[in-house]
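Student: next come a sequence and a model predicted from it.
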Amino acid sequence: MKLAFSKYHGLGNDFILIDNRAQRELLVTATQAQQLCDRHFGVGANGVIFLCATTDPACDYQMAMYNSDGSVAEMCGNGIRCLAKFIAALESHALDQAWIYRVQTLAGVMTLNLQTDGRVSVNMGTPKLLASEIPTTLTEPDQKVIDIPLDVAGQTWQLTCVSMGNPHAITFVENVAAIPLAELGPQFEHHSLFPQRTNTEFVEVIRPDYLKMRVWERGAGATLACGTGACATVVAGVLTQRALPQATVELPGGCLDIDWQQTTQTIYMTGPANHVFDGVTDLED
Ligand SMILES: N[C@H](CCC[C@H](N)C(=O)O)C(=O)O
């Protein structure tokens with residue numbers, strides 16, 4: 001079957017975007033998503049993102065997503081910024097004016113603000129902080145997970161956990177460049193204390209308003225950027241008195257501006273989203 005797609009990236013966190021509005025079922029299965037994401041046998045991406053019709057009258061669209069391992073993710077910060085640009089292209093919305101899109105996701109309704117400077121600002125909702133909401137069994141279900149010790153690879157790490165609809169475990173380190181991500185990442189991702197696995201962020205505080213982060217993503221491995229992870233990183237920084245609520249998060253692929261508004265607890269993430277190419281691929285049945 002021929003499949004039309006568009007390739008986008010947010011700070012190098014790259015996605016295959018598919019217009020799935022006309023179909024009730026997703027056009028791609030989890031196995032086909034793995035094949036499409038393979039960088040040798042497929043198009044190559046960190047995930048597949050679907051633009052779907054919404055079932056929520058308060059929304060304009062719905063987003064669904066597979067990670068490159070075929071697992072379903074509740075939310076994707078870089079991906080939803082790419083979705084804003086994809087929507088504008090499909091709807092022929094001129095980019096010399098601002099546009100607002102309300103998108104239904106498994107993590108709730110996200111409001112996307114496509115700005116005239118080409119960046120996208122997303123209302124990412126509010127972080128969930130209780131162990132049961134992450135989910136993790138690192139501590140009691142009704143407790144927050146703030147600087148809780150966990151032994152991994154012969155070292156004790158202080159973990160702070162945040163859900164942005166998807167699970168994140170954040171640890172602060174002296175030198176983030178020295179972290180052996182490929183060795184440590186899978187041990188955190190698949191740890192038994194995370195029943196739905198976890199994304200893991202290693203963070204070096206440069207200044208309270210400037211954090212340097214590397215990420216091992218659930219279902220995708222080391223990526224160049226993680227939008228939900230950047231939001232979770234600022235939340236963890238504030239909860240552990242290391243960061244300010246308005247901070248820049250520097251990832252290997254570039255920077256995101258995060259604003260955790262303390263009055264409403266709402267988090268805003270602002271950053272770029274870039275179109276790479278459109279294509280048609282042969283989807284294996
Ligand atoms: N791997 C993530 C989904 C993608 C999140 C990331 N790419 C982002 O930009 O938020 C998960 O399974 O929770």
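Tutor: Structure received. Residues are numbered from 1 along each chain as shown.

Student: nearest residue to the spatially most central residue of the chain other than its sequence neighbours?
Tutor: Closest to where the C-alpha atoms of the chain average out (CA atoms, centre = their mean) is residue 76, at 3.3 Å. Using CB to CB, 6 or more residues apart in numbering and skipping the chain neighbours, the partner closest in space to residue 76 is residue 65 (5.2 Å). Glycine gets a C-beta too; all of them are placed from N, C-alpha and C.

Student: ok, residue 184 next?
Tutor: residue 153 (5.7 Å).

Student: let me see the contact set for the one you found.
Tutor: 183-184, 187 (CB atoms under 8 Å, 6 or more residues apart in numbering).

Student: try residue 137
Tutor: Counted by CB under 8 Å, 6+ apart, residue 137 has contacts 131, 193, 195.

Student: what residues are up against the second one?
Tutor: With contacts defined as CB under 8 Å, 6+ apart, residue 193 is in contact with 136-138, 150.

Student: just give the closest residue to residue 268, not the sequence neighbours.
Tutor: Closest to residue 268 by CB to CB, 6+ apart is residue 259, at 4.5 Å.

Student: so the one you found sits against residue 248, correct?
Tutor: No. Assessed by CB atoms under 8 Å, residue 259 is found out of contact with residue 248, at 10.3 Å.

Student: any idea how far stretch 112-129 is from the middle of the chain?
Tutor: Chain-centre distance of stretch 112-129: 12 Å, with CA atoms, centre = their mean, to the nearest Å.

Student: return the set of buried residues in that stretch.
Tutor: Neighbour counts over stretch 112-129 (16 or more other CB atoms under 10 Å) mark 112-114, 119-125, 127-129 as buried.

Student: what does stretch 55-68 give?
Tutor: So stretch 55-68, judged by 16+ other CB under 10 Å, has buried residues 59-68.

Student: which of these fall in strands?
Tutor: 61-67 (DSSP state E).

Student: for the residues you listed, which one is nearest residue 268?
Tutor: residue 63 (17.7 Å; CB to CB).

Student: what sits against that closest one?
Tutor: Residue 63 touches 49-52, 76, 79-80, 83, 103-105, 110, counting by CB under 8 Å, 6+ apart.

Student: can we see that at 6 Å?
Tutor: By CB atoms under 6 Å, 6 or more residues apart in numbering, the contact list for residue 63 reads 83, 103, 105.

Student: same deal with residue 238?
Tutor: With contact taken as CB under 6 Å, 6+ apart, residue 238 is in contact with residue 245.
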